[in-house]
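Novice: Next one to model:
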Amino acid sequence: MILITYGVQEGEREYYVHEYSGIFTYIDYINHEITNNELLEDWLGDDLDDDNWEDQADGTYWDDTRLVWIENVFPLSDVDRKILNKFSIL
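Specialist: Just a heads-up that it's a prediction; the model follows:
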């Protein structure tokens with residue numbers, strides 16, 4: 001299980017969204033078996049259009065009028081997930 005922090009910029013407003021995935025593991029991520037592009041596709045619920053990349057090298061992608069990117073990916077245990085849920089972080 002992994003904890004993913006997505007960065008979002010909408011105009012002058014920048015914020016972060018935290019979500020977890022029980023499908024992917026941290027080992028998969030560090031071994032590049034799952035990429036930032038695949039994580040963004042999973043979060044946005046759609047295939048990424050090549051024309052919408054602001055900068056593919058640094059992973060910034062235009063989702064309609066907002067710029068999104070992967071800020072961090074961390075391993076997440078079930079105990080940690082329950083704690084984050086308890087405090088309404090996830």
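
Novice: mind checking how far the lowest-mean-pLDDT helix or strand in the chain is from the chain centre?
Specialist: Least confident helix or strand of the chain, by mean pLDDT, DSSP states H and E, is strand 53-55 with a mean of 83. With Cα atoms, centre = their mean, to the nearest Å as the basis, strand 53-55 stands 16 Å off its chain's centre.

Novice: Contacts made by that strand with the rest, please.
Specialist: Outside strand 53-55, the residues that touch it by Cβ atoms under 8 Å, 6 or more residues apart in numbering are 60, 61, 62, 67. For every residue, glycine as well, the C-beta is placed using N, CA and C.

Novice: From residue 22, how far out is residue 38?
Specialist: Counting by Cβ to Cβ, to the nearest Å, the gap from residue 38 to residue 22 is 15 Å.

Novice: Neighbour count: those two, which is higher?
Specialist: residue 38 (14 against 10; other Cβ atoms under 10 Å).

Novice: Could you list the buried residues of the helix or strand harbouring that one?
Specialist: Per DSSP states H and E, residue 38 falls inside helix 36-44. Using 16 or more other Cβ atoms under 10 Å as the test for burial, helix 36-44 gives 36, 39, 40, 43.

Novice: Tell me the first helix or strand C-terminal of the least confident helix or strand of the chain.
Specialist: strand 60-63.

Novice: And for residue 80, the neighbour number?
Specialist: 15.

Novice: which residues touch it?
Specialist: residue 3.

Novice: and the least confident helix or strand of the chain, which strands flank it?
Specialist: strand 60-63 (antiparallel) (DSSP bridges).

Novice: now the partner strand: mean pLDDT?
Specialist: Across strand 60-63, the average pLDDT comes to 91.

Novice: Could you list the paired strands of the helix or strand following it along with their orientation?
Specialist: Later in the chain than strand 60-63, the nearest helix or strand by DSSP H and E is strand 66-75. Paired strands of strand 66-75, with direction, are strand 2-10 (antiparallel), strand 60-63 (antiparallel) (DSSP bridges).

Novice: Distance-wise, check residue 21 relative to residue 51.
Specialist: 26 Å.

Novice: ditto for residue 80
Specialist: 38 Å.
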